[in-house]
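Asks: one predicted model, sequence on top.
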Amino acid sequence: MSMDYEHNGKLITFEGCEGVGKSTQIRLLQEYFQSKGIDALFTREPGGTEVSERIRALLKDDGLDMCAETELLLFEAARYENTRKIIIPALEAGKIVVVDRYIDSTTAYQSFGRGLDRDTVERLNRYATAGVKIDLTVFLDAPPFANTSRGADDRMENAGAEFHDRVYEGYGKIGEGEERFVFVPTLGDKHATSENIIRLLSERGIV
Ligand SMILES: Nc1ncnc2c1ncn2[C@@H]1O[C@H](COP(=O)(O)OP(=O)(O)O)[C@@H](O)[C@H]1O
Ligand SMILES: [Mg+2]
C-alpha cells in the first residue's frame, strides 16, 4: 500500500533494542540538520500527540498488566494518531521526518517478542501508518542494553532478557533482504556512528 497522494518529504525511522543509542543518534542527526539549515521534524513512538503520549504512559506503566493483544492495539492506536496528525502533514510540507521507533518495533516486540502472529501485526502496521512509505530505516545493530543498564520502572524494558533477545533476533529477520532497512553497527564512538548515518542519508539521496 502506498499513500494515495503526492509528497516531497522523506520518512526515516530509527530502530533497535533498548539502550543501543537511538535517542543519542537522533539527537546528533538533529544537530547536523540544524547546522545545515535542513528543515526536519523529529518525533517518537509511541508519542507525538497528546493522545499518543497518554497511551505511551499506559504502555510503559510497570504497575499495569495487559494482554499482548491489548498492548499491540495500543501501540497501533498511538501510531495512527502520530501518523495522521504529525507525520503526514510534515511529509506533505516537504520535510524530512525522523521517528524514534516505528512499525518494525511492533513486529520485533509484539510478534517476535510476545509471540503474536506476524501477519496480523503487519496488517495492523499497514493500517496504522495510513499507507505512508518509509524511505530509510536505520537499524542500530547491537545487542539489547549495549550501552546501559537503566533499571528503569519501564514495563517494556523490564520484559526480561529472553524477550529482548527474541526482539534482537526478530529485527535481524525483519531486515533480511529489505532495501529500506540498513544495519548500522553502533558500538564504539557515537560521533563515528553519526557520520556513518549521515553518509547513508546522502547515499540514499535524502540529504
Ligand atoms: N556509542 C556510545 N558509546 C557509549 N555510550 C553510548 C553510546 N551511544 C549512546 N550511549 C549511552 O548509552 C545510553 C543509551 O543510549 P540511548 O541513546 O538512550 O539509547 P536508546 O534510545 O536506543 O534506548 C545513554 O546513556 C547514552 O548516553
Ligand atoms: Mg531512546
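Replies: That came in fine, so what should we check first? Ligands and ions are numbered 1, 2, ... in the order given.
Asks: now do the same end-to-end measure for stretch 125-133.
Replies: End-to-end distance for stretch 125-133, by CA to CA, to the nearest Å: 12 Å.
Asks: so which bits of that stretch are buried?
Replies: For stretch 125-133, the neighbour count (16 or more other CB atoms under 10 Å) marks Asn125, Ala128, Thr129, Val132 as buried. (Glycine included, C-beta is placed from N, CA and C.)
Asks: now stretch 130-145
Replies: Within stretch 130-145, judged by 16+ other CB under 10 Å, the buried ones are Val132, Ile134, Asp135, Leu136, Thr137, Val138, Phe139, Leu140, Asp141, Ala142, Pro144, Phe145.
Asks: which ones are touching the residue in the chain that ligand 2 sits nearest to?
Replies: Nearest to ligand 2 in the chain, going by CB to the ion, is Ser23, at a distance of 3.3 Å. Contacts for Ser23 (CB atoms under 8 Å, 6 or more residues apart in numbering) come out as Asp100.
Asks: one step back: in strands, which of the buried residues of stretch 130-145 fall?
Replies: Using DSSP state E, the members of these that fall in strands are Leu136, Thr137, Val138, Phe139, Leu140, Asp141.
Asks: isn't the second one right next to Asp104, touching?
Replies: When you say that, I think you mean Thr137. Yes. The criterion here is CB atoms under 8 Å, and Thr137 meets it with Asp104 at 6.3 Å.
Asks: shared neighbours, the two?
Replies: Thr13, Glu15, Gly175, Phe181.
Asks: now the residues you listed in CSV, with pLDDT, distance to Asp165 and secondary structure?
Replies: Output for those, formatted as CSV (pLDDT from 0 to 100; distance: CB to CB, whole Å; DSSP: H, G, I helix; E, B strand; the rest coil):
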residue, pLDDT, distance to Asp165, secondary structure
Thr13, 98, 22, strand
Glu15, 98, 16, strand
Gly175, 98, 16, helix
Phe181, 98, 20, strand
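Asks: who wins for neighbours among these?
Replies: Glu15 (25 neighbours; other CB atoms under 10 Å).
Asks: nearest to Thr186, of the ones in strands among the buried residues of stretch 130-145?
Replies: Using CB to CB, Leu140 is the member of these that sits closest to Thr186, with 4.0 Å.
Asks: alright, that wraps it up for me.
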